[in-house]
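A.B. asks: 3D, please:
(4 chains)
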Number of protein chains: 2
Amino acid sequence: MPVKEKDSPTKGEITRLAIEDAALELFMEHGYHATSMRQIAEQAGLALGGIYNHFSSKEAIFEGIVVDKHPYKKILPLILGAQGETAEEFLSNAMRIAIDELDREPYYIKLMMIEFVEFNGQHGAAMLREIAPKVLPVFEQVVKIRKNMRVTNPAMLMRIFFGMVLSYFITNTIVSNSIISKLMPKNPMDVYVDVILHGVLKPET
Amino acid sequence: MPVKEKDSPTKGEITRLAIEDAALELFMEHGYHATSMRQIAEQAGLALGGIYNHFSSKEAIFEGIVVDKHPYKKILPLILGAQGETAEEFLSNAMRIAIDELDREPYYIKLMMIEFVEFNGQHGAAMLREIAPKVLPVFEQVVKIRKNMRVTNPAMLMRIFFGMVLSYFITNTIVSNSIISKLMPKNPMDVYVDVILHGVLKPET
DNA sequence: CCTACCGATCGGTAGG
DNA sequence: CCTACCGATCGGTAGG
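C.D. replies: Sure thing, here's the model as predicted:
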């Protein structure tokens, strides 16, 4: 008799995951509409019809990925564990953690952009409704702990933080395909973190 | 005899423009691959086959739009004309001009993202090769005029400037579809401009 | 610039 | 989970 592990995935779960992984890879490369169900099936190692035992449609695969692969589940605990003494330390650490993690698994940024371009942000708004209540308190804490902040609205601070990470990744992709990458400093991430904290100007002393 | 205006567009040019405008609208709504040549033809008011008198393929339409509709032609002169006395004034003005213009014609941000998602940034790198030499000198000037800047690398400053504008728009779209828009300040653009100049922290005085 | 057509491929399903 | 199939639609073209 085989040992029955409580949390070992069933065969169905394995196949479902294989389909999601295959689809994710193809979506990343070509976007949603340019990826066919036949390509996904082949990449996942089963026949076209087999997919429909696990997902009711192509869009259902996309939605499954958006939910199952969301990186905030991994990133949020890391950020919560990385409290610094000052708000400056905390924000700096948090931003590095987020960028590092997304650098290691860059798929999600692109997934968000696919959603934006090919679905007009339908799933994105729903996602935000789920995540915002969990992430917003972190920024409320930051604003409360450190009194002398320029940005005191927690939602706005969250937006700037998130937008900054996004902007780092998009410009990073554009720049790395270009000759002007040679003109960049070696540590663009440090510069980004520094700018969000202190701005591009030196204070007038 | 009809008066012959030197710069009045020919009938062919008018049709070509109508095709580009129709395609742009559809690309904005559904992305590239989800838009069909038949939809473009219908929207432009001609038969499918007629398109091929003006464009050799669907991708050629996209490339035509990327070139013809590029907003830097409109934005760059405005920015050059808006010199402020200090670098702070100049950067602040430049960012407002760029955001205002892109707000009035928001198509281009989305076009860039379509390019990123569905073409993996192929045309984007080519575009950058053309634009960077014209825009980079502006930032070189800024860095030269104002000595006490935190970011002294012109290419990096350009990247941050461009990324900031991008981040403003993407987060703006996400937020405006969401309940958390109520939590935002009334002037998010002012906050954005302030942050890029001075950071989220107040200086330690 | 349109009509009528091409082969290819699409998402999805029936039946086993 | 696969085989074989469906109708619909795709980008593109020939011929006028």
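A.B. asks: Could you tell me how far the lowest-mean-pLDDT helix or strand in chain A lies from the centre of the chain?
C.D. replies: Scoring the helices and strands of chain A by mean pLDDT, DSSP states H and E places helix A:122-145 at the bottom, with a mean of 85. Centroid displacement of helix A:122-145 relative to its chain, using CA atoms, centre = their mean, to the nearest Å, is 14 Å.
A.B. asks: so, in contact with chain B or not, it?
C.D. replies: Yes - Helix A:122-145 is in contact with chain B by CB under 8 Å from any CB of the partner chain, via A:G124, A:A125, A:L128, A:R129, A:A132, A:L136. The C-beta positions use only the backbone N, C-alpha and C, and glycine is treated the same way.
A.B. asks: Looking at those, spot the one nearest B:V151.
C.D. replies: A:L136 (29.7 Å; CB to CB).
A.B. asks: before we move on, the earlier item: buried set for the least confident helix or strand of chain A?
C.D. replies: A:H123, A:G124, A:A125, A:M127, A:L128, A:A132, A:V135, A:L136, A:V138, A:F139, A:V142, A:V143 (16 or more other CB atoms under 10 Å in any protein chain shown).
A.B. asks: Domain ranges for chain A, per the record?
C.D. replies: Domain segmentation of chain A under automatic domain parsing yields A:11-67, A:70-198.
A.B. asks: If we ignore the residues flanking it in sequence, what's nearest the residue nearest the centre of chain A?
C.D. replies: Closest to where the C-alpha atoms of chain A average out (CA atoms, centre = their mean) is A:Y108, at 4.1 Å. Sequence neighbours aside, A:P71 is the residue nearest to A:Y108 in space, at 4.8 Å (criterion: CB to CB, 6 or more residues apart in numbering or on different chains).
A.B. asks: before we move on, what about A:F162?
C.D. replies: Closest to A:F162 by CB to CB, 6+ apart is B:T171, at 6.5 Å.
A.B. asks: on that earlier part again, overlap between the residues of helix A:122-145 next to chain B and the residues near DNA strand D?
C.D. replies: The subset of the residues of helix A:122-145 next to chain B within reach of DNA strand D, by CB under 7 Å from any atom of the strand, is empty.
A.B. asks: close enough to count as contact, A:A34 and B:E118?
C.D. replies: Yes - applying CB atoms under 8 Å, one finds A:A34 in contact with B:E118, separated by 6.4 Å.
A.B. asks: quick one: common contacting residues for the two?
C.D. replies: B:H33 (CB atoms under 8 Å, 6 or more residues apart in numbering or on different chains).
A.B. asks: Comparing those two, which residue is more hemmed in?
C.D. replies: B:E118 (24 against 18; other CB atoms under 10 Å in any protein chain shown).
A.B. asks: can you pull the contacts of the more buried one?
C.D. replies: Counting by CB under 8 Å, 6+ apart, B:E118 touches A:H30, A:G31, A:H33, A:A34, A:V117, B:G31, B:Y32, B:H33.
A.B. asks: How about A:H33?
C.D. replies: By CB under 8 Å, 6+ apart, A:H33 lies in contact with A:E118, B:G31, B:Y32, B:H33, B:A34, B:E118.
A.B. asks: okay if I get the residues you listed as CSV plus secondary structure?
C.D. replies: Output for the contacts of A:H33, formatted as CSV (DSSP: H, G, I helix; E, B strand; the rest coil):
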residue, secondary structure
A:E118, helix
B:G31, coil
B:Y32, coil
B:H33, coil
B:A34, coil
B:E118, helix
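A.B. asks: Nearest to B:G12, out of these: which one, please.
C.D. replies: When the contacts of A:H33 are compared against B:G12 (criterion: CB to CB), the nearest one is B:Y32, at 24.4 Å.
A.B. asks: Quick check: the closest one touching B:E63?
C.D. replies: No - look at B:Y32 against B:E63 with CB under 8 Å: they stay out of range, at 11.2 Å.
A.B. asks: three-state assignment of A:L46?
C.D. replies: Classification of A:L46 using three-state DSSP returns coil.
A.B. asks: The residue nearest to it when sequence neighbours are not counted: neighbouring residues, count only.
C.D. replies: The shortest distance from A:L46 to any non-neighbouring residue, by CB to CB, 6+ apart, is to A:T15 (7.0 Å). The number of residues packed near A:T15 is 18, by other CB under 10 Å.
A.B. asks: Over to A:E59?
C.D. replies: Counted with other CB under 10 Å, the neighbours of A:E59 add up to 12.
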